[in-house]
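>>> structure, please.
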Amino acid sequence: MRARLRLADGTGPVLVVLLILLVALAFAGPAYAEPAGYLALLKRAAPLVVLAVGQYFVIVSGGFDLSVGSLVTAEVVVAARLVDGDDANTGWVIALLLGCGVLVGLVNGLITTKLLVPSFIVTLGMLLVLDGAVFLWSGGAPRGALSPSFRVLGRGSADLPVLGQVPWSVIVLLVVVVAAVWFMRSGTGRLLLAVGDNENVVRLAGGRVDRLRLLAFVLSALLASVAAILLAGFAGVSAQVGEGLEFRAITAVVLGGALLGGGRGSVVAAAAGALSLEALFSLLNLLGVSGALESAVQGVIIIAAVAYAAHGAGLRQMLRRPVPDTA
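All right, here's what the predicted structure looks like:
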């Protein structure tokens with residue numbers, strides 16, 4: 001029996017879109033005539049890909065996490081203040097950031113599952129809380145500085161045999177995606193997907209729905225912390241560093257074919273959606289299109305992707321329906 005590679009629903013179209021964008025970049029910019037140009041694209045896209053994978057866990061379980069962008073900003077600002085340019089502070093500050101991410105995820109998940117507040121409202125409230133905390137902490141102007149060792153993951157590279165210099169952010173990206181694919185193929189991952197499809201069936205089968213949704217929020221916030229570390233190393237410290245990232249992550253996930261109501265989606269497609277967004281914005285920049293259109297582009301993508309997810313299955317069935325023989 002021959003083994004066949006089977007892609008999840010929605011993965012094929014987004015991979016085609018990504019391929020078209022990568023080819024367009026090769027024609028639009030001389031930097032993409034060499035593999036180094038695409039490696040730089042992966043490096044820039046790594047924080048968004050990591051965020052999109054975390055957002056994917058929440059969306060396929062039937063929720064939203066609007067707090068990840070503000071969490072990224074808060075952690076970058078806090079890291080700069082605590083590290084203050086001292087390499088000796090790097091290790092414990094990174095551990096603290098990851099711990100804070102887990103704590104935020106627990107708060108979001110517990111309020112959603114125990115108090116039955118919709119995740120949209122909970123995470124919107126957390127977004128405002130974190131924004132206010134950042135402003136109170138920094139006064140609108142972040143202080144301190146990141147140490148060289150802290151910025152290694154975002155800017156540095158590892159010298160690997162055969163491959164040569166590979167950015168650490170790309171390595172982190174690959175580890176996160178592979179781990180997420182493995183998790184979703186495990187029993188817990190399949191249950192998480194089933195919760196978004198029909199939580200009552202999972203509950204009747206003995207599944208712990210609340211724990212699964214809590215896990216999704218914790219993973220989302222934890223990966224937002226990882227994205228914050230990568231983004232701080234790459235882009236530096238700013239009070240607006242995470243602004244709008246939550247919507248980019250949601251756009252990437254729905255571009256990958258995930259249903260906003262949950263129950264369907266693919267980790268690979270979500271990662272490809274994030275890469276497609278980064279490639280699209282890079283292409284628009286090379287063509288001289290104003291960056292102000294990025295939000296409009298994201299809005300169009302969300303509407304089109306949701307419409308395709310809602311009606312695509314019926315359209316595909318119509319196209320596959322055999323034409324009656326009138327002869």
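>>> what are the ranges of the strands in this protein?
With DSSP state E, the ranges of strands along the chain come out as 157-160, 164-167.
>>> closest to Val209 out of those strands?
Proximity to Val209 (Cβ to Cβ) singles out strand 164-167 among the strands of the chain, at 38.9 Å. For the C-beta atoms, the positions are set from N, CA and C on the backbone; glycine is no exception.
>>> may I see the buried residues of the closest one?
Neighbour-count burial for strand 164-167, counted by 16 or more other Cβ atoms under 10 Å, picks out Val166, Pro167.
>>> state the mean pLDDT of it.
Across strand 164-167, pLDDT averages out at 86.
>>> tell me, how many residues neighbour Arg151?
Taking other Cβ atoms under 10 Å as the criterion, the count of residues near Arg151 is 20.
>>> before we move on, the earlier item: which one of the strands of the chain lies nearest to Tyr38?
Nearest to Tyr38, of those and by Cβ to Cβ, is strand 164-167 at 11.7 Å.
>>> give me the sheet partners of the closest one and which way each runs.
strand 157-160 (antiparallel) (DSSP bridges).
>>> one step back: would you format the strands of the chain as TSV with distance to Ala179 included?
TSV is the format used below for the strands of the chain (distance: least, Cβ to Cβ, whole Å):
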stretch	distance to Ala179
strand 157-160	18
strand 164-167	18
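>>> can you say which of these is nearest to Glu75?
The stretch from these with the least distance to Glu75 (Cβ to Cβ) is strand 164-167; that distance is 20.5 Å.
>>> which residues touch the closest one?
Residues lying outside strand 164-167 but in contact with it, judged by Cβ atoms under 8 Å, 6 or more residues apart in numbering, are Leu39, Leu42, Lys43, Ala46, Arg155, Gly156, Ser157, Ala158, Asp159, Leu160.
>>> hey, what's the residue lying closest to the third one once chain neighbours are set aside bridged with?
The one in question is Lys43. With Cβ to Cβ, 6 or more residues apart in numbering as the criterion, Lys43 has its nearest non-adjacent residue at 4.4 Å, and that residue is Pro167. Per DSSP bridges, residues listed as beta-bridge partners of Pro167: Ser157.
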